[in-house]
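*Asks:* Kindly generate the corresponding structure for this input.
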Amino acid sequence: MNKITVTLTVLLLFAAILLSAQTATLTGVLTDESNGSPLINATVQAGDEGTITDFNGQYELQLAPGDYEIVFSFVGLETVHQTVTLKPNETRQLNMALPLSANILRTATVTSGKHERALGEVTVSLDVLKPTSSKTPTKPASAVSSIKCLA
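*Replies:* Modelled structure (predicted):
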């Protein structure tokens, strides 16, 4: 009786270890399609599971085997959907380059004051800035050089 109990316990533990080890790993690197630079803190989502990329644009997801729709997203870039099928104990590398998004901010209203008020209640002058289309983005160095210190 004692040998049977020990044997059954060992078999159950062995079965539990085998069942828990059946996962798949999805890894890869996310980059900006326009310049190839790695995307830091981009979101990678597979169903209810998700992660973000590290400083090198790398990510890793541990998933149960099965079919997944992987969603890659980053602010200012298009969200990309990719369908993958993962097998038990498989390690799959899926690199993705995200293209620029066509969404452009049309109008931004910036106000300031001591108390928060609705825009219709503001009695001070107000400027509305609209974006301009420019083929060359403003370089940070030239923007900083145009700021003067009034101290």
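*Asks:* Could you give the backbone dihedrals for residue 53?
*Replies:* Backbone geometry at residue 53, expressed as degrees, to the nearest 10, gives phi -80, psi 160.
*Asks:* surely it meets residue 59?
*Replies:* Yes - taking contacts as C-beta atoms under 8 Å, residue 53 lies within contact range of residue 59: 4.8 Å. In this view, the C-beta of every residue, glycine as well, is placed from N, C-alpha and C.
*Asks:* okay, and the common contacts of the two?
*Replies:* 29-30, 42, 44 (C-beta atoms under 8 Å, 6 or more residues apart in numbering).
*Asks:* if we take those residues, which one ends up nearest to residue 73?
*Replies:* Relative to residue 73, the closest of the shared contacts of residue 53 and residue 59 is residue 42; by C-beta to C-beta it sits at 6.8 Å.
*Asks:* so where does residue 29 fall, helix or strand?
*Replies:* strand 24-32 (DSSP states H and E).
*Asks:* The helix or strand just after that strand packs against which elements?
*Replies:* Moving toward the C-terminus from strand 24-32, the next helix or strand (DSSP H and E) is strand 43-46. When contacts are defined as 3 or more C-beta pairs under 8 Å, 6 or more residues apart in numbering; DSSP states H and E, strand 43-46 packs onto strand 24-32, strand 49-52, strand 58-63, strand 66-73.
*Asks:* and these, which is most packed in?
*Replies:* Among the helices and strands packed on strand 43-46, strand 24-32 has the highest mean neighbour count (mean count of other C-beta atoms under 10 Å), at a mean of 19.
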